[in-house]
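**Student:** curious how this folds, go ahead:
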Amino acid sequence: MAYDLEKEKKEAIAAGNQALHSLRTAQENLNSARNWGIWDMFGGGFLSTALKQSKMGDAKRNMEQAKYDLHNFSRELRDVSVSYDLNIETGDFLSFADWFFDGFIVDWMVQDRINKAGGQVAEAIRRVEYILGELQNY
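**Tutor:** Down below sits the predicted model:
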């Protein structure tokens, strides 16, 4: 079977677009968690904690999906002889501590984690967008 560069590029672009979708969904959920986190830090109570936790859980699942999608994108890029490092961290969001030791310091620590995760997702989005742009001009 002959190597079809255009077919491989299309597959890589599709995989990149899927990764972008997962990353953008994670970003939306992190932004929502960040907003609920701010409310929680200033006395939002159980409801704001519950909503923040829900959005953090959604974002973590989205980030795991994005990690899977980024792995597929990397594999597809190798098929067109392009190699990029596309790792993102999906660490623990301190959710246990936030639920059981709810207070300003723990809320601030969780908010910091949300912000860091948001920065990682934003950087991954920029990298995937750049690679897709390069790929389309390849």
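**Student:** hey, let's count contacts and neighbours off CA atoms from now on
**Tutor:** Noted.
**Student:** what's downstream of the helix or strand of the chain with the lowest mean pLDDT, the next helix or strand?
**Tutor:** Within the chain, no helix or strand scores below helix 95-100, which has a mean of 42 by mean pLDDT, DSSP states H and E. Next along the chain after helix 95-100, taking DSSP states H and E as the criterion, comes helix 104-136.
**Student:** contacts only, for residue 61.
**Tutor:** For residue 61, the contact set (CA atoms under 8 Å, 6 or more residues apart in numbering) comprises residue 26.
**Student:** can you give me the pLDDT of it?
**Tutor:** Turning to residue 61, the model gives it a pLDDT of 86.
**Student:** and residue 45, how far from residue 135?
**Tutor:** Applying CA to CA, to the nearest Å, the value for residue 45 to residue 135 is 48 Å.
**Student:** and stretch 38-48, end to end?
**Tutor:** Span of stretch 38-48 from end to end, CA to CA: 9 Å.
**Student:** next, the buried residues of that stretch.
**Tutor:** For stretch 38-48, the buried set under the neighbour-count rule, 16 or more other CA atoms under 10 Å, comprises 38-41, 48.
**Student:** which one among those residues gets closest to residue 125?
**Tutor:** Nearest to residue 125 among these: residue 38, at 24.2 Å, using CA to CA.
**Student:** secondary structure element for that closest one?
**Tutor:** In the assignment (DSSP H and E), residue 38 maps to helix 5-41.
**Student:** that helix packs against which elements?
**Tutor:** The helices and strands touching helix 5-41, judged by 3 or more CA pairs under 8 Å, 6 or more residues apart in numbering; DSSP states H and E, are helix 45-79, helix 104-136.
**Student:** can you count the residues close to the closest residue in space to residue 73 that isn't next to it in sequence?
**Tutor:** Counting by CA to CA, 6 or more residues apart in numbering, the nearest residue to residue 73 once its immediate chain neighbours are dropped is residue 15, at 4.9 Å. Using other CA atoms under 10 Å, residue 15 has 22 other residues around it.
**Student:** would you agree residue 15 is in contact with residue 71?
**Tutor:** No: contact criterion CA atoms under 8 Å: residue 15 and residue 71 do not qualify, at 9.3 Å.
**Student:** many thanks, have a good one.
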